[in-house]
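A.B. asks: compute the structure for the input listed below.
(one chain, ligands or ions: 2)
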Amino acid sequence: MTTENGLRAGLRVLVVGSGAREHAIVWKLAQSPWDPQLFALPGNPGMGQYAACLPGAADDVARVLAAVAEHDVDLVVVGPEAPLARGLADACEAAGVAVFGPSQAAARLETSKGFCKQLLQNLGVRTADFGLFRDLEAARSYVRAQGTPIVIKADGLAAGKGVVIAEDEETAFSVLEDLMVHGRFGASGQQVVVESYLTGPELSLMCFVDAETVVPMIPARDYKRIGDGNTGPNTGGMGAIAPVPDVDAALVEEVRRTIVQPVVRALAAQGTPYRGVLYAGLMLTEEGPAVIEFNARFGDPETQVVLPLLDGDLLEVAWAVAHDQLGDVQVAWKAAAATAVVAAAPGYPDSPRTGAPLQLGTPVDGLVFHAGTALRDGALVTAGGRVLTAVGLAERPADARRIAYEIIDRVYFEGKQVRTDIGR
Ligand code: AMP
Ligand code: GLY
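C.D. replies: Residues are numbered from 1 along each chain as shown. Ligands and ions are numbered 1, 2, ... in the order given. Sure thing, here's the model as predicted:
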């Protein structure tokens, strides 16, 4: 059987990436009633039971296109931002293969903070007041005029390390010099955004988006700092919860209507329609929700809590997004809660030490999504900063949390780093 838009049994789907986020995507796609044939590039050992893992690097566009041709792929689902920044979605479109993920131009919402901030300003969407600089002296005067604390961001991608909250002028000046004179993040840091410091709880609201329709997912919150009580350096994310107790349906609708929908409409009007997941990183300020950043992809670890709560078929949604038919799909969420806890390697985030034997322990009734794992002589070893994500799923948040920690407690590798306060 085939639906009008070509969705059919046995579709060949390639998921690009290798993290716990991509493991969760593959796991969810594998539950589709359309019984897709799944591939991952490069994938990880946890996905092996659902998908054929293909060699190559996720950000090697030519390699991904070669795999698409070789395996006659019908749909490419892009996990991380790097291949989007390199035009993977555009290349898929040119090759006539459906793709879930925005074009290089639309992905500038994530890949250029300057582009993002200017668009928000033009649309009158709430975001921190900012200046955009290529000139060190001009940036310094702005800092002097605004006072501290102040936030400094490299314009381009910097693997989550391009944001500094400077408590005093001296720190702000040295960060600016690092970026603009010493080229700390290369071209990514030649242009900088300097913006005001906002306070409030954070919210990750990921939305399915096609050229015109925006469908918010269940709200999530991630825990970015390495240490309990939000201490220590920023990481890619040490845990997540969904839904978020202090975020109701009215707030989600407000964000959709006043933030995400205007941005999506503006991109379409510029001739660069957005398709894929648009992740709004928000600060819930006293004046209302303000945009901290957009990501052009699913969040990690937010995806590991959100997709298990999706009450429906991710393949149907992804296919509809790729064909601008999202408005025809019903997207529903389970009345349940999920908690994700990340186990990270010793030394993460600065210099993770990997290659240690890894034991998952006795199985618990929850989910384990692999990230930095590898097989050596048939046995699991750690192979990345974030090693895996454990997810508990239950009616009550407290039970979801308990299950996630039961799984994590049974995971063993030397130097395991875990936050103990996720979801508390
Ligand atoms: P980003 O990479 O832009 O998400 O920033 C990383 C983290 O820095 C965010 O999750 C916030 O916790 C913090 N941050 C970024 N921008 C601001 C801001 N304008 N005010 C306060 N905190 C911020
Ligand atoms: N968890 C934050 C991110 O995916 O960027």
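A.B. asks: give me the beta-bridge partners of the closest residue to residue 101 other than its chain neighbours?
C.D. replies: Nearest non-adjacent residue to residue 101, counting by CB to CB, 6 or more residues apart in numbering: residue 78, 3.3 Å away. C-beta: built from backbone N, CA, C; applies to glycine. Residue 78 has these beta-bridge partners by DSSP bridges: residue 16.
A.B. asks: which residues touch residue 78?
C.D. replies: Shown in contact with residue 78 (CB atoms under 8 Å, 6 or more residues apart in numbering): 16, 17, 84, 88, 89, 99, 100, 101, 276, 297.
A.B. asks: neighbours around the first one, how many?
C.D. replies: By the criterion of other CB atoms under 10 Å, residue 16 has 35 neighbours.
A.B. asks: just confirm it contacts residue 89, I think it does.
C.D. replies: No. Contact between residue 16 and residue 89 fails when scored by CB atoms under 8 Å: they sit 10.3 Å apart.
A.B. asks: spit out the residues that contact the two alike.
C.D. replies: Residues within reach of residue 16 and of residue 89 at once, by CB under 8 Å, 6+ apart, are 76, 78.
A.B. asks: all strands of the stretch 1-150 of the chain, in order?
C.D. replies: For the stretch 1-150 of the chain, applying DSSP state E, counting those that start in this stretch gives strands covering 12-17, 37-42, 51-53, 75-78, 98-100, 130-133, 150-154.
A.B. asks: do the same with the stretch 251-400 of the chain
C.D. replies: Remark: strands assigned in the stretch 251-400 of the chain by DSSP E, counting those that start in this stretch are 276-285, 288-295, 337-344, 367-370, 373-376, 379-382, 386-394.
A.B. asks: please give me every residue in contact with the closest residue in space to residue 111 that isn't next to it in sequence.
C.D. replies: Spatial nearest neighbour of residue 111, chain neighbours left out: residue 85 (4.7 Å); criterion: CB to CB, 6+ apart. If a contact means CB under 8 Å, 6+ apart, then residue 85 has 104, 107, 110, 111, 157 as its contacts.
A.B. asks: could I get those residues as TSV with pLDDT and distance to ligand 1?
C.D. replies: Listed next are the contacts of residue 85 as TSV, based on pLDDT from 0 to 100; distance: CB to the nearest ligand atom, whole Å:
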residue	pLDDT	distance to ligand 1
104	98	20
107	98	15
110	96	10
111	94	12
157	83	10
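A.B. asks: residue 408 in helix, strand or coil?
C.D. replies: Under DSSP: H, G, I helix; E, B strand; the rest coil, residue 408 falls in the helix class.
A.B. asks: about what we covered before: the strands of the stretch 1-150 of the chain: which one's closest to residue 354?
C.D. replies: Closest to residue 354 of the strands of the stretch 1-150 of the chain, according to CB to CB: strand 37-42, at 15.9 Å.
A.B. asks: ok so, going back, Serialize the strands of the stretch 1-150 of the chain to CSV and add fields for distance to residue 191 and mean pLDDT.
C.D. replies: CSV is the format used below for these (distance: least, CB to CB, whole Å; pLDDT from 0 to 100):
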stretch, distance to residue 191, mean pLDDT
strand 12-17, 27, 98
strand 37-42, 32, 98
strand 51-53, 37, 98
strand 75-78, 25, 98
strand 98-100, 28, 98
strand 130-133, 7, 95
strand 150-154, 8, 93
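A.B. asks: ok, which of those strands comes nearest ligand 1?
C.D. replies: strand 150-154 (4.2 Å; CB to the nearest ligand atom).
A.B. asks: circling back: which one of the strands of the stretch 251-400 of the chain lies closest to ligand 1?
C.D. replies: With distances scored as CB to the nearest ligand atom, the stretch of the strands of the stretch 251-400 of the chain nearest to ligand 1 is strand 288-295 (3.6 Å).
A.B. asks: so which elements touch the closest one?
C.D. replies: helix 108-111, helix 113-123, helix 249-255, strand 276-285 (3 or more CB pairs under 8 Å, 6 or more residues apart in numbering; DSSP states H and E).
A.B. asks: export the strands of the stretch 251-400 of the chain to TSV and append columns for mean neighbour count and distance to residue 265.
C.D. replies: Converted to TSV, the strands of the stretch 251-400 of the chain look like this (neighbours: other CB atoms under 10 Å; distance: least, CB to CB, whole Å):
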stretch	mean neighbour count	distance to residue 265
strand 276-285	23	12
strand 288-295	20	15
strand 337-344	29	31
strand 367-370	25	34
strand 373-376	16	41
strand 379-382	19	44
strand 386-394	26	34
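A.B. asks: could you dump those into JSON lines and include mean pLDDT and distance to ligand 2?
C.D. replies: What follows is the strands of the stretch 251-400 of the chain, written out as JSON lines (pLDDT from 0 to 100; distance: least, CB to the nearest ligand atom, whole Å):
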{"stretch": "strand 276-285", "mean pLDDT": "98", "distance to ligand 2": "7"}
{"stretch": "strand 288-295", "mean pLDDT": "97", "distance to ligand 2": "5"}
{"stretch": "strand 337-344", "mean pLDDT": "98", "distance to ligand 2": "10"}
{"stretch": "strand 367-370", "mean pLDDT": "98", "distance to ligand 2": "14"}
{"stretch": "strand 373-376", "mean pLDDT": "96", "distance to ligand 2": "19"}
{"stretch": "strand 379-382", "mean pLDDT": "97", "distance to ligand 2": "20"}
{"stretch": "strand 386-394", "mean pLDDT": "98", "distance to ligand 2": "10"}
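A.B. asks: can I get the ones you listed in JSON lines including distance to residue 57?
C.D. replies: JSON lines is the format used below for the strands of the stretch 251-400 of the chain (distance: least, CB to CB, whole Å):
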{"stretch": "strand 276-285", "distance to residue 57": "20"}
{"stretch": "strand 288-295", "distance to residue 57": "20"}
{"stretch": "strand 337-344", "distance to residue 57": "22"}
{"stretch": "strand 367-370", "distance to residue 57": "18"}
{"stretch": "strand 373-376", "distance to residue 57": "15"}
{"stretch": "strand 379-382", "distance to residue 57": "20"}
{"stretch": "strand 386-394", "distance to residue 57": "18"}
